[in-house]
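Q: Model the following, please.
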Amino acid sequence: MVNSDTKLSLRSKSIYFLGFIPDVVMSNLITSLALMIYKVELGVPAALIGLAIALPRLWEAFTDPIIGSLSDRFRSRWGRRRPFLAVGAVAAGLLCMALWAPVSGLAGLGNIVAWVSSWFGLAYSPSTEMSTNALFWWFLIASVLYLTAYAAYNVPYQALGLEMASSDRDRSSLAGFRAAANNFSWIVILPFLPLLVTNGQLGDSPVESVEVLGVLLGLLIIILGLTAAVSSREPPPIATTTTTSHHQGPGLIAGIKVALSDRAFLMVTGIMCFSLIGFVLAMTLPYFVNLAIVFPGGTLEAKNNATTMSFWSSIIGNVLAMGFCPLISPLAERFGRKRMLLIGLGILMCSFLATPILFSHHWPWLQLIYKIVDTPAIAIVWVLTMPMLAEVCDRDSLLHGVSRQGVFTAMFNWGNKAAMALVAVLSGLVIDWSGFDGKLAFQTPETISYLRWMFVVGPLPFLAAAMWFTIRFPLNAQTIQTLRQSSTPTP
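A: Numbers count the residues shown, from 1 in each chain. Below is the predicted model of the structure:
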């Protein structure tokens, strides 16, 4: 932990901003392109693709805490976290190239098998046809390796963010830079990936284009990831006079037990998870609400209008959120962090309550107000939960004499991934229960009513739970400062 009087420089925050861009790209790349390439272009069944996407997420439940614990305990001349960033960025960049080159990759693998077989006098001729099973296994194995490399970058990088700043102001400011990097990626990079695959600028077909795109994205991940690894400021582990007990040592199992028994940690995780469920559940509904209510008719033009509205809603919302992020920290300092969090969650609730008015067939563009309001509001949650998690790690370090930011970060991320998995299931159930039928030109009144009211009330219980955890959260900068002073030995 850095000295509490040390102010985090703009350079350090800017480096953290740059390093978080490849993090956002890596985490969203598969969901952005998998169905388009492996289903539409290569003919792999959607169920197999869904399985190949879900299985690596289960794998991450094991790898994230292990990587977090390893980075907590690792010691080198380059620090604890930075070597993981370098290895993770290079490995993820190379595996990104392989992930989106299944045809060339399988052809090359067949040639290697044929060459090895010839050494043993065996006859083997690689097939020119790419079977569904071969493509599925390529995607699955590449995804597992790619997401493992991503975890080697992501978990230590977020743990590093918890360690870089010690004051509440710097932590909120750094979280604002991280949220701005997320918005920047969703403005400048991620929305254009499908377009680059299909517009013919990178290749004669989407399969050829995505191979080139995979190389470009891999290089982006490597360059920005190595920049973060080389340039980031990594403070030494916190030093205290507290004796570490055998049961509270820095090991993985002990760390997980401590995290799961820490009431404050469970609360900040609950704030983030329930906010995510409510927000993302609502995010899945506008496209269907647009098709059922705003742009009915089932025509190609109606679908294009709904897609266009989604695109501009995302761009405008993220631009505004990016501009708003630098204001969150000073506002939280002035009005109080809890109050700002409650205001953000309250604004989200109000935006959902207003959707019956904002999603109108007569005034389609009115719905942009919804996105203008809710995206900056969720940015408040993203920004202010980071210093709360940092305070949890501070208290643990001061009480137990060990640094477990990696384990806490991994468990926090795992909670978020579990929330995203749950909301994926809930979203599918909500759409199925609504009776929405894409083949109908006009949806039934019952379907329209269900979608309308689910958009209003569906997210509210989850956001209310996030509010409750916010109110009950027991830590703040003052309690940590008091604990730090009590743990400092008297000269």
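
Q: What distance separates the opening and closing residues of stretch 36-43?
A: Using CA to CA, to the nearest Å, the end-to-end distance of stretch 36-43 comes to 10 Å.

Q: Stretch 188-199 too?
A: Taking CA to CA, stretch 188-199 runs 17 Å from one end to the other.

Q: List the buried residues for that stretch?
A: 189-191, 193, 196-198 (16 or more other CB atoms under 10 Å). C-beta: built from backbone N, CA, C; applies to glycine.

Q: Then stretch 26-46?
A: By neighbour count on 16+ other CB under 10 Å, the buried set for stretch 26-46 is 26-30, 33-39, 41-42, 44.

Q: now do stretch 76-89
A: 79-89.

Q: With stretch 412-432 instead?
A: 412-419, 423-424, 426-427, 430-431.

Q: Check pLDDT for these and point me to the minimum.
A: Among the buried residues of stretch 412-432, A424 carries the lowest pLDDT, at 66.

Q: pLDDT weak spots in the stretch 351-491 of the chain?
A: The stretch 351-491 of the chain contains residues with pLDDT under 70 at 424-425, 428, 487-491.

Q: I figured I15 hits E234, correct?
A: No - counting by CB atoms under 8 Å, I15 stays clear of E234, with 11.2 Å between them.

Q: one step back: just curious, which of the buried residues of stretch 76-89 is nearest to S167?
A: Nearest to S167 among the buried residues of stretch 76-89: R81, at 20.2 Å, using CB to CB.

Q: so what's that closest one up against?
A: 71, 156-157, 159-160, 163, 232, 234, 406 (CB atoms under 8 Å, 6 or more residues apart in numbering).

Q: now those residues in TSV, with neighbour count, distance to P330 and secondary structure?
A: Shown next, in TSV, are the contacts of R81 (neighbours: other CB atoms under 10 Å; distance: CB to CB, whole Å; DSSP: H, G, I helix; E, B strand; the rest coil):
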residue	neighbour count	distance to P330	secondary structure
S71	27	32	helix
P156	31	29	helix
Y157	27	25	helix
A159	29	26	helix
L160	27	24	helix
E163	25	23	helix
S232	20	25	coil
E234	17	27	coil
G406	33	30	helix
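
Q: could you dump the residues you listed to JSON lines with distance to W59?
A: Shown next, in JSON lines, are those (distance: CB to CB, whole Å):
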{"residue": "S71", "distance to W59": "18"}
{"residue": "P156", "distance to W59": "18"}
{"residue": "Y157", "distance to W59": "19"}
{"residue": "A159", "distance to W59": "20"}
{"residue": "L160", "distance to W59": "23"}
{"residue": "E163", "distance to W59": "27"}
{"residue": "S232", "distance to W59": "27"}
{"residue": "E234", "distance to W59": "28"}
{"residue": "G406", "distance to W59": "18"}
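
Q: so which pair among these is furthest apart in space?
A: Spanning the widest gap among the contacts of R81 are S232 and G406, at 14.9 Å by CB to CB.

Q: Contact partners for the spatially closest residue to R171 that is not a sequence neighbour?
A: Leaving aside its sequence neighbours, R171 sits nearest to P387 (CB to CB, 6 or more residues apart in numbering; 3.6 Å). P387 makes contacts with 168, 171-172, 175, 337, as judged by CB under 8 Å, 6+ apart.

Q: The helix or strand hosting P387: which residues count as buried?
A: Following DSSP states H and E, one finds P387 within helix 368-400. Residues 370-398, 400 are the ones in helix 368-400 that count as buried (16+ other CB under 10 Å).

Q: Touching, R80 and Y157? I think so.
A: No - counting by CB under 8 Å, Y157 is not a contact partner of R80; they are 11.8 Å apart.

Q: ok, back up a step: mind checking which of the buried residues of stretch 188-199 land in strands?
A: The members of the buried residues of stretch 188-199 all map outside strands under DSSP state E.

Q: What is the nearest of the residues you listed to A180?
A: Ranked by distance to A180 (CB to CB), these are led by I189 at 13.8 Å.

Q: tell me the contacts of that closest one?
A: I189 is in contact with 21, 25, counting by CB under 8 Å, 6+ apart.

Q: quick one: it and R334, what's the gap?
A: From I189 across to R334, the span is 33 Å (CB to CB, to the nearest Å).

Q: Flag the shaky bits of the stretch 1-150 of the chain, pLDDT-wise.
A: If you take pLDDT under 70 as the line, the stretch 1-150 of the chain has these spans: 1-6, 108-118, 120-130.

Q: The stretch 151-300 of the chain: helices as residue ranges?
A: 168-188, 193-198, 206-231, 252-261, 263-283, 286-289, 300-335 (DSSP state H, counting those that start in this stretch).

Q: Figure out which of those is closest to G105.
A: G105 lies closest to helix 206-231 among the helices of the stretch 151-300 of the chain, at 9.2 Å (CB to CB).

Q: Please compute how far the closest one lies from its chain's middle.
A: 18 Å (CA atoms, centre = their mean, to the nearest Å).

Q: Over to stretch 473-486?
A: Using CA atoms, centre = their mean, the mean C-alpha position of stretch 473-486 is found 29 Å from that of the whole chain.

Q: For that stretch, buried residues please.
A: By neighbour count on 16+ other CB under 10 Å, the buried set for stretch 473-486 is 473, 475, 477, 480, 483-484.

Q: So which of those belong to helices?
A: In helices, defined here by DSSP state H, the members of those are 477, 480, 483-484.

Q: From those, pick the one nearest C350.
A: Taking CB to CB as the measure, C350 sits nearest to A477 out of those, at 28.9 Å.

Q: low-scoring pLDDT stretches of the stretch 201-350 of the chain, where are they?
A: The stretch 201-350 of the chain contains residues with pLDDT under 70 at 236-250.

Q: go again using 90 as the cut-off
A: Residue ranges of the stretch 201-350 of the chain with pLDDT under 90: 201-209, 232-259, 276, 279-292, 294-327, 329-330, 332-333.

Q: Ends of stretch 75-85, what's the gap?
A: 14 Å.

Q: just how off-centre is that stretch within its chain?
A: How far stretch 75-85 lies from its chain's middle: 23 Å, per CA atoms, centre = their mean.

Q: mind starting the numbering at 34 from now?
A: Fine by me, first position is 34 from now on; the one you just mentioned is stretch 108-118.

Q: Can you give me the domain boundaries for the protein?
A: Domain segmentation of the chain under automatic domain parsing yields 34-270, 274-524.

Q: Show me the helices in the stretch 34-183 of the chain, by range?
A: For the stretch 34-183 of the chain, the helices defined by DSSP H, counting those that start in this stretch occupy 43-67, 79-106, 115-132, 135-152, 165-197.

Q: between those, which one is nearest to I390?
A: Proximity to I390 (CB to CB) singles out helix 43-67 among the helices of the stretch 34-183 of the chain, at 31.1 Å.

Q: what's the angle between the closest one and helix 79-106?
A: Comparing the axes of helix 43-67 and helix 79-106 via axes from the mean of the first three to the mean of the last three CA atoms, to 10 degrees yields an angle of 160 degrees.

Q: helices or strands up against helix 43-67?
A: The contact analysis (3 or more CB pairs under 8 Å, 6 or more residues apart in numbering; DSSP states H and E) places helix 43-67 against helix 79-106, helix 115-132, helix 165-197, helix 201-221, helix 226-231, helix 239-264.
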